[in-house]
Every structure is written in structure tokens, then in C-alpha cells.
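K.L.:
here you go, sequence then predicted model.
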Amino acid sequence: MSLYRYLLKSVVAPVFMATTVFISLLFGLPKAHASETAVDQSINAVQQVHRSGAENQLKVDDLSVESRALYQEYQQVLRQAETTEAYNRQLSRLIDSQQEELTSMDRQIQSLEDTDRSLLPMLVRMVSTLEQFVAQDQPFLLDERQQRVARLQTLLDRADVSLAEKYRLILQAYQVEADYGRSLEAYEGEVSTEAGQRRVTFLRLGRVALYYQSANGKTGGLWLPDAQQWQALDGDENRVLKNAIAMARQQIVPELLNLPLPLPSAVSVSTEGDA
């Protein structure tokens, strides 16, 4: 039942009926000669109708307030629904984006697995090449360099080290070997001579030449890569070598040195041919 019909039935109709009864009684008094009791009863009936109408009006007011409250609640729920729907749309787009990222990561992982399968044999070849290079190079810091290669060979078999870390350490070893060719270094070590093992001072001139000199500075030698042996130095060469060792240790200012150098293989062959 609508609010209009409710008001019509509950308020207007009783008032109209009571008014009609009152007028009928009022105009009918002269004809019917009604008593005062009848008039009082009519007045009481009208008052009762008015009280009933007032009570109904209060009910209508209460219903109006409740209706407004329900409407406001409905509006609030509607706004929350719109906000939730917008959030769900954004969340759906986020989930789609994350799914695309996961798919991309799966492809990258697959690509890395393929790269790993091809990278590991290359690392093995790099370590093997480095081992051969150290064996054929000038015999300076030989123990240190051979131990470095041995550590790399052990590293290749370790499952707890990533390929990236293995690759980094191998490149680092190559870098150390490359730096040897651009430096002058003096260090202590032992050398095999006709008199046996002797404690000497080595001088490395890049990768060009390797020398040794005894503690008293009277004997020394130059390494001949082709012959794989030491060539003795004379007195003048030993004096120059002593100065070179002091230069390497930054004990004297740099100066021009006149030291013998090993001849390359091609030069040796050409000289023998000319003779």
C-alpha cells in the first residue's frame, strides 16, 4: 500500500466520517430533539477521531524519518558498491599484468636454461685454455698461477656456485694474467741451479723477460723460453739487473736499463740461417 493510500484510509476518511456524523446530528437536533447526551457523544467521537488522526500523523512522521534514513543508507551502500566495483576492475587489470609478467619470466627462465647449457662447455674450455697458457708462459709466480687454475677447475664442478659467479671468477683470472703483461715486479723465490736450489730475487719485466739474481748480486740469469733454461748474466748485466730490481721496488728513480732480452723463435731461426 502506498503512502498516499495509507494517509487517505487512516486519516482523511475517519475525519470526513466524523465530520459528516457531527453535521448530521447538529442539523438533526431540531427534528429529532436529540438530548445533550447525544451531542456530547458526538463531540467525544469527533475528539476521538482527532486524537486518532494525530496518532496516525505521528506514525506518518515516523515513517517519513525512517524512509529518509533508509534512502540515505541505500545511497551509502550504492557508493560503496561503485567503489568496490572500481577496485575490482583495477585489481583485475593488476592480476592480468602480473600474469603477463609471470609468462615473460617463464620465457626468460627457459632462455637462461638454454644459455646455461651452452655456457658451461665454454667455461670449461676457458679454464683449459688458461691452464695451457700458464704452462707455456714465462715461469714467473708459477705456484700461485697454477693454484689459481686448480681452484677454477674445482669451481666448475660445484653445484652451489652459479654460472654467473663462475664466469666472473674465470674472467677475473684472465684479467690478472693480462695485468702481468703491463707491470714490473720483483719478488722472492727459489730457482734450480747447478749448485741446487737457491733463494733468489726474481724480476719480471711484463711478459717480455724474466730474470733472477742471487742475494749478493754477483750471479744472475735470464730465462730462455725456447730452450726452457736459464742463461747466465755477466758482471755488467748483473749490476744493471740490481738497479732494475731496486726500481721495481721503488727504491730508486726510474732510469733507462740495458738488459738482455730473449730472442723470439723466428729471430733465432733467421739468425742461424744467415750464419
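P.N.:
Received, thanks.

K.L.:
show me what contacts Lys166?
P.N.:
123, 155-156 (C-beta atoms under 8 Å, 6 or more residues apart in numbering). In this view, the C-beta of every residue, glycine as well, is placed from N, C-alpha and C.

K.L.:
point to the residue nearest the middle of this structure.
P.N.:
Centrality entry for the chain: nearest residue to the mean C-alpha point is Met105, 13.2 Å, by C-alpha atoms, centre = their mean.

K.L.:
just to revisit the earlier point, now a PyMOL select for only the buried ones of the contacts of Lys166.
P.N.:
Burial among the contacts of Lys166 is assessed by 16 or more other C-beta atoms under 10 Å; the matching PyMOL selection reads:
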select buried, resi 123+156
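
K.L.:
return the closest of the contacts of Lys166 with respect to Arg148.
P.N.:
Of all those, Arg148 sits closest to Leu155, with 10.5 Å by C-beta to C-beta.

K.L.:
spit out the contact partners of the closest one.
P.N.:
Contacts for Leu155 (C-beta under 8 Å, 6+ apart) come out as 161, 166, 169.

K.L.:
of those residues, which belong to strands?
P.N.:
Among those, no member falls in strands (DSSP state E).

K.L.:
could those residues go into a markdown table alongside pLDDT?
P.N.:
Compiled in a markdown table, the contacts of Leu155 are given as follows (pLDDT from 0 to 100):
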| residue | pLDDT |
| --- | --- |
| Val161 | 91 |
| Lys166 | 93 |
| Leu169 | 96 |
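
K.L.:
circling back: check the secondary structure at the residue nearest to the centre of the chain for me.
P.N.:
Under DSSP: H, G, I helix; E, B strand; the rest coil, Met105 falls in the helix class.

K.L.:
Serialize the contacts of Leu155 to a markdown table and add fields for distance to Tyr74.
P.N.:
Shown next, in a markdown table, are the contacts of Leu155 (distance: C-beta to C-beta, whole Å):
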| residue | distance to Tyr74 |
| --- | --- |
| Val161 | 66 |
| Lys166 | 68 |
| Leu169 | 70 |
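
K.L.:
from Leu241, how far off is Leu120?
P.N.:
When C-beta to C-beta, to the nearest Å is the yardstick, Leu120 and Leu241 sit 46 Å from each other.

K.L.:
correction: Arg51
P.N.:
From Arg51 across to Leu241, the span is 133 Å (C-beta to C-beta).

K.L.:
now do Thr37
P.N.:
153 Å.

K.L.:
tell me which of these two has more neighbours.
P.N.:
Neighbour totals were compared for Thr37 and Leu241, and Leu241 leads with 23 against 8 (other C-beta atoms under 10 Å).

K.L.:
so that one is in contact with Leu233, correct?
P.N.:
Yes - with contact defined as C-beta atoms under 8 Å, Leu241 counts as touching Leu233 (6.4 Å).

K.L.:
helices along the protein, start to end?
P.N.:
Using DSSP state H, the helices of the chain run over 3-7, 13-32, 36-136, 142-156, 163-180, 235-248, 265-274.

K.L.:
can you lay out those helices as a markdown table showing distance to Gly220?
P.N.:
Shown next, in a markdown table, are those (distance: least, C-beta to C-beta, whole Å):
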| stretch | distance to Gly220 |
| --- | --- |
| helix 3-7 | 121 |
| helix 13-32 | 136 |
| helix 36-136 | 24 |
| helix 142-156 | 19 |
| helix 163-180 | 21 |
| helix 235-248 | 5 |
| helix 265-274 | 22 |
